[in-house]
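Asker: Starting from these lines, generate the structure:
(2 chains)
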There are 2 protein chains.
Amino acid sequence: MKQSNRATVLASRPRGIPVPGNFAVVDRPLVQPSPGQVLIQNLFISLDAGFRHWMDEGSSDHILPEMPIGEPVMGLTLGRVVASQHPGFAEGDLLMARLAWEEYSLTDATDFFVKVPDQYDCPLSYHMGILGDTGMSAYFGMTDIAKPRPGDTVLVSAAGGAVGSIAGQVAKIAGARTVGIVSGAAKCQQIIEQFGYDAAIDRTGDVARQLAQTCPDGVNVYFDNVSGPLLEQVLNNIAVGARIVLCGAVATYSATELLPGPSNLFNLVTNQARMEGFMTHLQHDRYPEARSQLLAWVADGRLRNMEYLLDGIENVGLAFCHLFEGRNLGKTVVRLAG
Amino acid sequence: MKQSNRATVLASRPRGIPVPGNFAVVDRPLVQPSPGQVLIQNLFISLDAGFRHWMDEGSSDHILPEMPIGEPVMGLTLGRVVASQHPGFAEGDLLMARLAWEEYSLTDATDFFVKVPDQYDCPLSYHMGILGDTGMSAYFGMTDIAKPRPGDTVLVSAAGGAVGSIAGQVAKIAGARTVGIVSGAAKCQQIIEQFGYDAAIDRTGDVARQLAQTCPDGVNVYFDNVSGPLLEQVLNNIAVGARIVLCGAVATYSATELLPGPSNLFNLVTNQARMEGFMTHLQHDRYPEARSQLLAWVADGRLRNMEYLLDGIENVGLAFCHLFEGRNLGKTVVRLAG
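Answerer: As a prediction, this is how the structure comes out:
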């Protein structure tokens, strides 16, 4: 059996946008489980911008503690139990867990551990994306809160990302017209071709002008994955009865100070509009329904599931940085094995 | 018949909070109606902070044009037709209208005119408050959007005002615990005594500390009549599933520049909370239901309708200024006649 366990540690705290130099790969001894512990081989690591938060000093909260310098970075992983002295887990179990960016994790499994259902006939990495938290966020945010209808204009920010790419397509399947916001002309073209957006807005250009052009009758649904100044610009273009789904806040994850919010919230009053946040994992009992529906759409060709897949522990930090540069299309995953 | 018509004109544009010197009373000739016109004697003038907006230069919008210097100030009035050459109105008709702060208004009645229903046995001034837009805002905002339940803590800002005083009592009738935010210790005492709030928060004190003390389990409903920095403080204290009703934005009406919004909107995500704006007058077909319910509660002593009533055209500007100082308890109305 393998004796070493490579891990990506936090070499230094990012200031603002993370850079590859904030991360380093170290080799650590592989330790076998003691009673009550389980050893997991991580097959895939999911990269999620929200984890940027706990790289900051003083960021400890009820979800996670501040990540210590020199220790493996925390994230979401899909792994298989390779040795167990824990009564709840057997060798071979496939688990989704909040573990570190490392090849093997030794844990007492008291925290966030979900057995991955085996009834789905799909690549394992799907459990990190379309069947995981990002797919579920897109599905529940769109179907439960946004409720797009035919005739609606649905605007999605980070429209090519893990959540946005699914959210836009779910709205399209519901009969809405979809407009995606991304950075750069090339990505505008890509999201139209790959995810069927009816129009795209390039954040690096004149957003106000493009909003007016692509949403002439106003925005009925804004699926907000980024927050920040973009939300203020969208609020100037909402239609009466608009629904704004607050899903993520990428703009604030790297902010070195607290950003002010939109100065035009009163537009919610004049447009009788609604802004609502949600936490996907609290809908856990409805995951099977959502997963079956999403996979059925994939199977009949109505939904494209894209992955931005990198290989090897040495690329995890890089893949994380790419999220903030908007390099990825679809879900960013690093494959360690399997 | 009377030959003169006194009016309160805009003498100068307020900078920030309006002061009595911004208004002046002038005597103008009383003009009889031409064909298509109607002459209305204004009995009551409703004072509403929202009208502050159109006193600013460049404030013209789809609702009202910018108010010109030297011309009578626009507002909401309750008046009786005293002469009509208009086919739609007869002498004696009682109307609620968007007219000026003047004793008589000559109008072609193309704009906002609502015949006042005569089935309610109550003082005429009630139509400016509890049976008018402010009462309707409190009722619909609370019953349709906030939906307070027994066990909920319902927080109301401008809790002693025309909307807040009704909103707080409607929540109390629904079985919730109510906490009101006002300015000054005396007013804290008054809203507890007069409107049955369970606790009060003095905005001139340490709001964060008082929020923690009076809402130890978090805020389930925030009925927001003021917006501004207070909204940010409340967002730090919301409970899971909170509903924030955006009703007014007194803090922004007098702002000389656009105020930034709350920097902590992400709390809506982590608390799965909702923020929703509404426009009362679009519920117009449901006013009778709301009016009957509110009057029934007044009749059986469960709801107290308070008015801050001043007399005479020379006091209209003053009454308006008092709104921004928070002097009023209940609905601010000036009686001109009747």
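Asker: I'd like to know which residues of the stretch 1-150 of chain A are adjacent to chain B.
Answerer: By CB under 8 Å from any CB of the partner chain, no part of the stretch 1-150 of chain A sits against chain B. The C-beta positions use only the backbone N, C-alpha and C, and glycine is treated the same way.
Asker: The stretch 151-300 of chain A too?
Answerer: Residues of the stretch 151-300 of chain A lying near chain B (CB under 8 Å from any CB): A:227, A:231-232, A:246-249, A:252, A:258-279, A:282.
Asker: Now the buried members of these.
Answerer: A:227, A:231-232, A:246-249, A:252, A:259, A:261-278 (16 or more other CB atoms under 10 Å in any protein chain shown).
Asker: Now do the residue lying closest to A:Ile192 once chain neighbours are set aside against B:Gly129, distance only.
Answerer: Of all residues not flanking A:Ile192 in the chain, A:Ala200 sits nearest, at 5.6 Å (CB to CB, 6 or more residues apart in numbering or on different chains). Distance of A:Ala200 to B:Gly129, computed by CB to CB, to the nearest Å: 50 Å.
Asker: Which of the two has more residues huddled nearby?
Answerer: Legend: neighbour count by other CB atoms under 10 Å in any protein chain shown for A:Ala200 and B:Gly129, higher for B:Gly129 (27 against 23).
Asker: Only alpha carbons, please: show the longest strand along chain A as CSV.
Answerer: Determined from DSSP state E, the single longest strand within chain A is strand A:74-84. The C-alpha trace of strand A:74-84 is given here as CSV (Å, rounded to 0.1, in the frame of the first residue of the first chain):
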residue,chain,number,x,y,z
MET,A,74,-10.5,22.4,2.9
GLY,A,75,-13.0,21.7,0.2
LEU,A,76,-15.6,19.2,-1.1
THR,A,77,-14.4,15.8,-2.2
LEU,A,78,-15.8,12.6,-3.6
GLY,A,79,-13.9,9.6,-2.2
ARG,A,80,-13.9,5.9,-1.6
VAL,A,81,-13.4,4.3,1.8
VAL,A,82,-10.1,2.3,1.6
ALA,A,83,-9.9,1.3,5.3
SER,A,84,-12.4,1.7,8.1
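Asker: Adjacent strands (with direction) for it?
Answerer: strand A:38-46 (antiparallel), strand A:94-100 (antiparallel) (DSSP bridges).
Asker: Buried deepest among these, which one?
Answerer: Highest mean neighbour count of the strands paired with strand A:74-84: strand A:38-46, a mean of 24 (counted as mean count of other CB atoms under 10 Å in any protein chain shown).
Asker: could I have it exported to CSV, CA atoms only?
Answerer: Output of strand A:38-46 as CSV, limited to C-alpha atoms (Å, rounded to 0.1, in the frame of the first residue of the first chain):
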residue,chain,number,x,y,z
VAL,A,38,-12.0,5.9,8.4
LEU,A,39,-9.4,6.4,5.6
ILE,A,40,-10.8,7.8,2.4
GLN,A,41,-9.1,7.9,-1.0
ASN,A,42,-10.2,11.2,-2.6
LEU,A,43,-11.1,10.6,-6.3
PHE,A,44,-12.3,14.0,-7.2
ILE,A,45,-12.0,17.5,-5.7
SER,A,46,-14.7,20.0,-6.4
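Asker: Where does pLDDT dip in chain A?
Answerer: In the predicted model of chain A, residues A:1, A:248-258, A:281-282 satisfy pLDDT under 70.
Asker: care to break it down by domain?
Answerer: A:4-129+A:306-335, A:133-281 (automatic domain parsing).
Asker: Which one of these lies nearest to B:Trp297?
Answerer: Across the domains of chain A, B:Trp297 has its closest neighbour in domain A:133-281 (25.8 Å, CB to CB).
Asker: distance between that closest one and the chain's centre?
Answerer: In terms of CA atoms, centre = their mean, to the nearest Å, the gap separating the centre of domain A:133-281 from the centre of its chain is 15 Å.
Asker: sorry, back to before: what's the closest of the domains of chain A to A:Ser292?
Answerer: Across the domains of chain A, closest to A:Ser292 is domain A:4-129+A:306-335 (CB to CB), at 8.4 Å.
Asker: Figure out how far the closest one is from the centre of its chain.
Answerer: 14 Å.
Asker: Could you tell me the end-to-end distance of it?
Answerer: 18 Å (CA to CA, to the nearest Å).
Asker: Repeat that for stretch A:63-79.
Answerer: 21 Å.
Asker: can you pull the buried residues of that stretch?
Answerer: Applying 16+ other CB under 10 Å to stretch A:63-79 flags A:Glu66, A:Met67, A:Pro72, A:Val73, A:Met74, A:Gly75, A:Leu76, A:Thr77, A:Leu78, A:Gly79 as buried.
Asker: of all the residues you listed, which comes closest to A:Asn22?
Answerer: The shortest gap between A:Asn22 and any of the buried residues of stretch A:63-79 belongs to A:Val73, at 9.2 Å (CB to CB).
Asker: is it true that that closest one touches A:Trp101?
Answerer: Yes. Using CB atoms under 8 Å, A:Val73 is in contact with A:Trp101, at 4.5 Å.
Asker: B:Asn305 is nearest to which of the domains of chain A?
Answerer: Going by CB to CB, the one of those nearest B:Asn305 is domain A:133-281, 24.4 Å.
Asker: which residues are in contact with the longest strand of chain A?
Answerer: Here strand A:74-84 makes contact (CB atoms under 8 Å, 6 or more residues apart in numbering or on different chains) with A:32-33, A:38-48, A:51, A:54, A:64, A:67, A:89-101, A:104-105, A:116, A:124-125, A:127-128, A:132-133, A:338.
Asker: isn't A:Ala97 right next to A:Phe112, touching?
Answerer: Yes. A:Ala97 lies in contact with A:Phe112 (CB under 8 Å); the separation is 6.1 Å.
Asker: Helix or strand: which one has A:Val234?
Answerer: For A:Val234, the host element (DSSP states H and E) is helix A:229-235.
Asker: Spell out which residues sit in contact with the spatially closest residue to A:Asp198 that is not a sequence neighbour, please.
Answerer: Among residues not flanking A:Asp198 along the chain, A:Arg177 sits closest, at 4.9 Å (CB to CB, 6+ apart). With CB under 8 Å, 6+ apart as the criterion, the residues that contact A:Arg177 are A:Gly151, A:Asp152, A:Thr153, A:Val154, A:Asp198.
Asker: what about the fourth one, distance to B:Gln3?
Answerer: Using CB to CB, we find A:Val154 at a distance of 61 Å from B:Gln3.
Asker: The two - which one has more neighbours?
Answerer: When A:Val154 and B:Gln3 are compared on other CB under 10 Å, the one with more neighbours turns out to be A:Val154, at 29 against 7.
Asker: which ones are touching the more buried one?
Answerer: A:146, A:148, A:168, A:171, A:176-179, A:219-223.
Asker: any chance of those residues in JSON lines, with secondary structure too?
Answerer: Below are the contacts of A:Val154 laid out as JSON lines (DSSP: H, G, I helix; E, B strand; the rest coil):
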{"residue": "A:Ala146", "secondary structure": "helix"}
{"residue": "A:Pro148", "secondary structure": "coil"}
{"residue": "A:Gly168", "secondary structure": "helix"}
{"residue": "A:Ala171", "secondary structure": "helix"}
{"residue": "A:Ala176", "secondary structure": "coil"}
{"residue": "A:Arg177", "secondary structure": "strand"}
{"residue": "A:Thr178", "secondary structure": "strand"}
{"residue": "A:Val179", "secondary structure": "strand"}
{"residue": "A:Val219", "secondary structure": "strand"}
{"residue": "A:Asn220", "secondary structure": "strand"}
{"residue": "A:Val221", "secondary structure": "strand"}
{"residue": "A:Tyr222", "secondary structure": "strand"}
{"residue": "A:Phe223", "secondary structure": "strand"}
